[in-house]
Structure formats: C-alpha cells, structure tokens
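In: Fold the stuff below for me.
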Amino acid sequence: HTIKEHCLEGKIKIIANDVVDENIEKLEAGLINFLIGQDAETQGSEPLRLLYHMLVEEIKPKEDRYYIPVIIKTRYNI
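Out: Next up is the predicted model:
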C-alpha cells in the first residue's frame, strides 16, 4: 500500500538513504522529503586505498579514524 492510498500525503515525512538518481527523482517529485547521503563511493574506496598504502607502500594512515560527512538533501538543495 502507498501513502497516497491511505490518504497520508503531507501527514508524514519520508526519509531515504543514498543520493542516487532514483531517489533524486522521487525527491524532486515530492514523493520523499529528505535524502541522507553517506558518500557510499568514498566509504567503499577509501579503506581499500588505505590498505593498499599500508601493505604495498608501507605507509601508515595519518589518522586513527576517518569520518565521511553525512549530507541531508531536500528538494530545495538538490
């Protein structure tokens, strides 16, 4: 069942993860209200880059932890 079928449009807010084309389209259409972007590409590639530097180049990471910014998008800032 959909929000529209239950007459809940405008009564609840929809939050989705990942700023991908499908979610952007739904955000622009007003089907979802917020997108939380977690930079999945960096989350996947950065650990491998750090591991490569440690194992192959024997370079230790500069930091103990790395944080990826969380981005909140609405249809007004997409």
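
In: Residue 72 falls within a strand, correct?
Out: Yes. With the criterion set as DSSP: H, G, I helix; E, B strand; the rest coil, the secondary structure at residue 72 is a strand.

In: my guess is it meets residue 36, correct?
Out: Yes. Contact between residue 72 and residue 36 holds when scored by C-beta atoms under 8 Å: they sit 5.9 Å apart. In this view, the C-beta of every residue, glycine as well, is placed from N, C-alpha and C.

In: Who has more neighbours out of these two?
Out: residue 36 (14 against 11; other C-beta atoms under 10 Å).

In: Could you list the paired strands of the helix or strand hosting the more buried one along with their orientation?
Out: Secondary-structure element containing residue 36, defined by DSSP states H and E: strand 34-37. Strand partners for strand 34-37, identified by DSSP bridges, are recorded as strand 15-17 (parallel), strand 71-73 (antiparallel).

In: do you know which of those lies nearest residue 42?
Out: strand 71-73 (11.6 Å; C-beta to C-beta).

In: What's the biggest helix in this structure, counting residues?
Out: Identified as the longest helix of the chain according to DSSP state H is helix 40-55.

In: which regions of this structure lie under the pLDDT threshold?
Out: Along the chain, the model assigns pLDDT under 70 to residues 1.

In: Not counting its own residues, what contacts stretch 48-55?
Out: Here stretch 48-55 makes contact (C-beta atoms under 8 Å, 6 or more residues apart in numbering) with 59, 60, 61, 66.

In: Just name the closest of the residues you listed to residue 13, please.
Out: Using C-beta to C-beta, the shortest approach to residue 13 within these belongs to residue 66, at 30.7 Å.

In: any idea how far residue 59 is from the nearest residue to that closest one once chain neighbours are set aside?
Out: Leaving aside its chain neighbours, residue 66 sits nearest to residue 46 (6.3 Å; criterion: C-beta to C-beta, 6 or more residues apart in numbering). For residue 46, the distance to residue 59 under the criterion C-beta to C-beta, to the nearest Å works out to 14 Å.
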